[in-house]
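Undergrad: The sequence and its predicted three-dimensional model are supplied below.
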Amino acid sequence: MIKRLTVSLAAACLFLTIASQQPAIARDTWTSVQSKNFFLIGNGSEKEIKQVATRLEQFRQVFTYLFPSMKFTAPVPTTVVVFKSQGSYRPFKGGANLAGYFQPGPDVNYITLTTDLQGAQDAFDVIFHEYTHLLVNNTIGKAPVWFNEGLAEYYSTFTIKNDQEFAIGKAIGNHVFLLRESKMLPLRTLFDVDHKSPHYNERNKQSIFYAQSWAIMHYLIIGKPGRLEQLSKFLDLLSKNVPKDQAFQQAFQTTFEAMEKELREYVQKDRYDILKGHFKRKLETDSEMQSRVISEAEAQAYLGDLLLHSGRKDSLTYLQKALSLEPDLPMANAAMGMALLRERKSAEALSHLERAVKANSQNYLVHYYYAYALSQQNADESRMVMGFTPEQGEKIRKELLKAIELRPDYPASYRLLAFVSLVTGHNIEEARTLLTRAIKDSPGRTELAFMLGQIYLRNGDLKQARTLLEQVVNSSVEDETRQSAQRMLSQLTSMEEQRAQFDAQRAERSKQSSAAPALSIPGNTVTTRSTGDEPVQQTTASDPSSYLREVLKKPAEGETQIQGLLLRIDCDAKGIFFVVKSGDVTLRLHTPKFELMEITSYNPSIQGDITCGPRKGGEPAVVLFIKRADKRLKTDGTIKAIEFVPNDFKLTQ
């Protein structure tokens, strides 16, 4: 896989610095073409741009034929920039010798290439490889790395003639030579490779990994009848969390060792058949395409946005040029707003994004960008969001719902909407419903499963939360997300243990209460007696809190324990402040960060992440804190633990 700079929404949308450079492209005639699955712009002829669009659409259609039971989708839009010459392409290349490249992103993917090819160059090899990854990752959340890379290599050889006859699986010379001259990896080793493995990351080891991944996919697809169907079953079993060894045996009806022997024999034959297909009619999409000449301002905006998503220094130069030509151009304002947001110029960023929303309310990306910028208003230096006011939360929600209305399959809108619901505690059920729908459309989007797991955790549905969080931990998601999911699983385990202890205490109390005969019921008490009719215990029947008092944390030396209502949690650069009302007294208790205190809930309606902001109506809780007034922070002490309790709980009888 050719690795390029990708952009993580969890940390920030864009990474760039500002530099001055004059645009290399000016006053060319730029044309846009909209096909079924791609949007293209180019400074060449309309015919050349449509030819590129046709080839991409043909590849996408052929790609789905090998796995007809899978629904391959690409909800993140893909923009293709077609340059007419090496000279016009040069300022935007990722490398001097590249004829094309694929730039993935969370909000938009970019493909760039030139039709001015030199020698044996083929811009589509890399593009087909990377676009295969895009389709696989969006569809198969737990796709093994060998499958993902092997299939991408296999499909990178796609060719089509006369818009009707296609071929895939042509032998790749470098792989054939390496397999002939090098020792192959044991099949178990190949199947164990993940994104952290040396065979994936180290140059002296990754070559044989890529070659063998290509070879086994070639073998499974065309080398032996029936293996392709078995591969589909294997992937399906893995997606259902069936252990790898069990899934392999069940799907392929053989052992790793036996298949490894078959693969070695297949490679030793040094014969790789080509899979060919013939459509009954030509795969022509020209008649369905819409094209128009675009303004110089629009061209500059797209070029600036391309550089923005590539992390290039000179992106602002193109965006500024676009805005000087058309100040109200929606795309230029939206991209400029995101660039300024990265520079922490929030007011200027919002000004551009508001202008973009007003100028073109039918562009879903504009609404999403605006919502994202609004969500970052209260972020600290580490981009941790410190909560939203009710007005902010509702405004962000409104923009995201508009984005979803305009583009229902765009996953980032659902992710941000769920995040806002988790922070504010509002519209949780709406977020759960929409996330569930989004995951059905894009089952491979691990970040959606992560957000849904947090929703279930907050709702107290620990079983569903565990299933989703374990899915994230076992996926190929980036380390930061995996570690967050692992921490939540640890929190979930703690909650399960506390709930079990709570239920055991309650069951024991119930058992003790029903074990001895009730001889009298004076008022609200139940008196139990021994066989000698001597009173041994008296328990107040109207005290349902007794069993919970036994499992609450006991104050350590120097700590004070109170019961009250949690009114709100304030967050700023100085830390986190719990505002608790106990009787007639309101306390402001401080902690530098959530990790330095214990948070437990014995109230089923209060589960999951505890976030900054007001607590609707006040939430009953028992608080442990150290009395330590701080005039600078305007606090009454340092909070050590908070335990949420039922509404009828009483700390003392």
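TA: Done, it's in.
Undergrad: my guess is Met331 meets Glu298, correct?
TA: Yes - using Cβ atoms under 8 Å, Met331 is in contact with Glu298, at 7.1 Å. The C-beta positions use only the backbone N, C-alpha and C, and glycine is treated the same way.
Undergrad: between the two, what contacts are shared?
TA: Ala322 (Cβ atoms under 8 Å, 6 or more residues apart in numbering).
Undergrad: Which residue is the nearest non-sequential neighbour of Glu619?
TA: Counting by Cβ to Cβ, 6 or more residues apart in numbering, Glu619 lies nearest to Leu566, which is 4.7 Å off, once chain neighbours are set aside.
Undergrad: The one you found in helix, strand or coil?
TA: Here Leu566 is strand, with the state taken from DSSP: H, G, I helix; E, B strand; the rest coil.
Undergrad: That one contacts Val645, correct?
TA: No - assessed by Cβ under 8 Å, Leu566 is found out of contact with Val645, at 10.7 Å.
Undergrad: overlap in contacts of the two?
TA: 620-621.
Undergrad: And the strands in the stretch 501-650 of the chain, which stretches?
TA: For the stretch 501-650 of the chain, the strands defined by DSSP state E, counting those that start in this stretch occupy 525-529, 535-540, 560-572, 575-582, 585-591, 598-601, 613-630, 635-644.
Undergrad: nope, the stretch 201-350 of the chain is what I meant
TA: 275-278, 290-294.
Undergrad: Can you work out which other helices and strands pack against the last one?
TA: Spelled out, it's strand 290-294. strand 30-34, helix 46-63 (3 or more Cβ pairs under 8 Å, 6 or more residues apart in numbering; DSSP states H and E).
Undergrad: try the shortest one
TA: In terms of contacts (3+ Cβ pairs under 8 Å, 6+ apart), strand 275-278 is packed against strand 165-168.
Undergrad: returning to that earlier point: out of the helices and strands packed on strand 290-294, nearest to Ile396?
TA: strand 30-34 (29.6 Å; Cβ to Cβ).
Undergrad: could you give me the average pLDDT of that closest one?
TA: What strand 30-34 shows for mean pLDDT is 95.
Undergrad: any idea how far the residue nearest in space to the middle of the chain lies from Ser605?
TA: The centroid of the chain falls nearest to Glu447 when counting by Cα atoms, centre = their mean (2.2 Å). From Glu447 across to Ser605, the span is 27 Å (Cβ to Cβ, to the nearest Å).
Undergrad: Can you tell me which of the strands of the stretch 201-350 of the chain is nearest to Tyr101?
TA: Using Cβ to Cβ, the nearest of those to Tyr101 is strand 290-294, at 22.4 Å.
Undergrad: which residues are in contact with that closest one?
TA: 29-34, 41, 46, 49-50.
Undergrad: Out of those residues, which end up buried?
TA: Buried residues within those, counting neighbours by 16 or more other Cβ atoms under 10 Å: 30-33, 41, 46, 49-50.
Undergrad: residues contacting the residue lying closest to Lys205 once chain neighbours are set aside?
TA: Once flanking residues are discounted, Lys205 sits nearest to His199: 4.6 Å by Cβ to Cβ, 6+ apart. His199 makes contacts with 185, 189-190, 193, 205-206, 208-209, as judged by Cβ under 8 Å, 6+ apart.
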